[in-house]
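[1] Return atomic coordinates for the entry below.
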Amino acid sequence: MPTRIEIPDFQRAWARIQECHESGKRDSGPVHLRLLGQSGLGKTFLLKEYRDAFPAVRNTRGTHVPVALLTIPSAPTVKGIYIAFLESLGLHGANGTVEALRHRARVLCSACRVELFLVDELNHLTDRGQIRTREAVGDALKEMLESLNLPTVFSGASRSHVLFDTNMQLRSRVMASLTLRAFNLEERFEDLRGFIFALSEIDQDEETANWLASPEVASRIFFATDGIHRGIARFVAQVGVAIRNGSGSLNFTLLTRVFKDYFWEGVQPGLNPFGDTFPLRRLCEPGEPYSATALDGDNHAKGANDYMRRNEA
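    Sure thing, here's the model as predicted:
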């Protein structure tokens, strides 16, 4: 099970979700939120943590589900959306017509006294299928949530903004937004170092954690992972495994091997972030691990090389 490390982005997003949750108890009506960010920044983990902080309660009155986490199917259909609503409330294996599933989902949401909906993988509404199908699915989701009149957090990859850009009704109802971003070597370098230290300290000693989180090593871990939270966690974990297995001592030789084995098998020696001749730049050129994608673009709105140039001077 992933370990919860409350970096500033996590704390900020948690507070915004909590604001939405509490808005449902006010007369002014529910507040909704868009939570966007590229894959690997911990959006799903955050939503699960928030849901788990308000577990379902079963008693003689029935089941109370304060927070329901709904995951959009990878190939969504209108029927699949209503099934996802039912699954978010603990009812699996439902079948029937679209109308029957919709009615059942509405009744169950009311009976479970849901306070907040967390909708994950919103980008699945834009990734696959015909435009007409995607629009129908999006409308079904919007109409269902409107009929329930509950605060909702919509979470997905950065490209999910297309859904709001092309649907004025949805955009006008979900104006508030928060974008999670990867670590960088400028204003978020100390957050990056703290994250590496916390990850390392979990199953390694403090000396190891201090070395991995040192400015020199942490900056190279950034280049090895492009600052993506999931990649950093995987890198630190593999270093720990190698040390415990006796595969090498904690040094740049070990880190060089971990990067080659688990991140870029075909890396040339000069482009391994832990090698002596590494040019201290992001690996975002064509054919490199973090080149921009057609769907989400670059991982960083602005370059990370300025930091290294300043510190080399």
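
[2] Run through the strands of this protein in chain order.
    33-36, 57-59, 62-64, 67-71, 116-120, 152-156, 177-179 (DSSP state E).

[3] and Ala84, which of those strands is closest to it?
    Closest to Ala84 of the strands of the chain is strand 67-71 (CB to CB; 5.1 Å). C-beta: built from backbone N, CA, C; applies to glycine.

[4] residues making contact with the closest one?
    Identification of contacts with strand 67-71 by CB atoms under 8 Å, 6 or more residues apart in numbering yields 21, 47-48, 50-51, 53-54, 84-85, 87-89, 109, 112, 114-121.

[5] Filter those down to the buried ones.
    By neighbour count, with 16 or more other CB atoms under 10 Å, those hold 21, 47, 50-51, 84-85, 87-89, 109, 112, 114-121 as buried.

[6] Domain boundaries for the chain, per the record?
    Structural domains assigned to the chain are 8-179, 189-312, following automatic domain parsing.

[7] Let me see the mean pLDDT of the longest one.
    This points to domain 8-179. In this model, domain 8-179 has a mean pLDDT of 88.

[8] Could you tell me the end-to-end distance of that domain?
    13 Å (CA to CA, to the nearest Å).

[9] cool, and stretch 56-72?
    21 Å.

[10] Pull out the buried residues from that stretch.
    Of the residues in stretch 56-72, His64, Val65, Pro66, Val67, Ala68, Leu69, Leu70, Thr71, Ile72 count as buried by neighbour count, 16+ other CB under 10 Å.

[11] Over to stretch 265-272?
    Neighbour-count burial for stretch 265-272, counted by 16+ other CB under 10 Å, picks out Val267, Leu271, Asn272.

[12] With pLDDT as extra columns, can I get those in a markdown table?
    Formatted as a markdown table, these follow (pLDDT from 0 to 100):
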| residue | pLDDT |
| --- | --- |
| Val267 | 96 |
| Leu271 | 97 |
| Asn272 | 98 |
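
[13] Show me which of those is closest to Ile221.
    Asn272 (12.4 Å).

[14] if I look at the residue lying closest to that closest one once chain neighbours are set aside, how far off is Pro273?
    Ranked by CB to CB, 6 or more residues apart in numbering and with sequence neighbours excluded, the top spatial neighbour of Asn272 is Thr256, at 5.2 Å. Distance, Thr256 to Pro273, using CB to CB, to the nearest Å: 8 Å.

[15] out of the two, which sits in the more crowded spot?
    More crowded of Thr256 and Pro273, by other CB atoms under 10 Å: Pro273, with 24 against 21.

[16] is it true that the more buried one touches Arg220?
    Yes: counting by CB atoms under 8 Å, Arg220 is a contact partner of Pro273 at 4.5 Å.

[17] for the longest helix along the chain, packing partners?
    Across the chain, the longest stretch assigned as helix under DSSP state H is helix 131-148. The contact analysis (3 or more CB pairs under 8 Å, 6 or more residues apart in numbering; DSSP states H and E) places helix 131-148 against helix 78-88, helix 98-111, strand 116-120, helix 124-127, helix 168-173.

[18] Many thanks, we can stop here.
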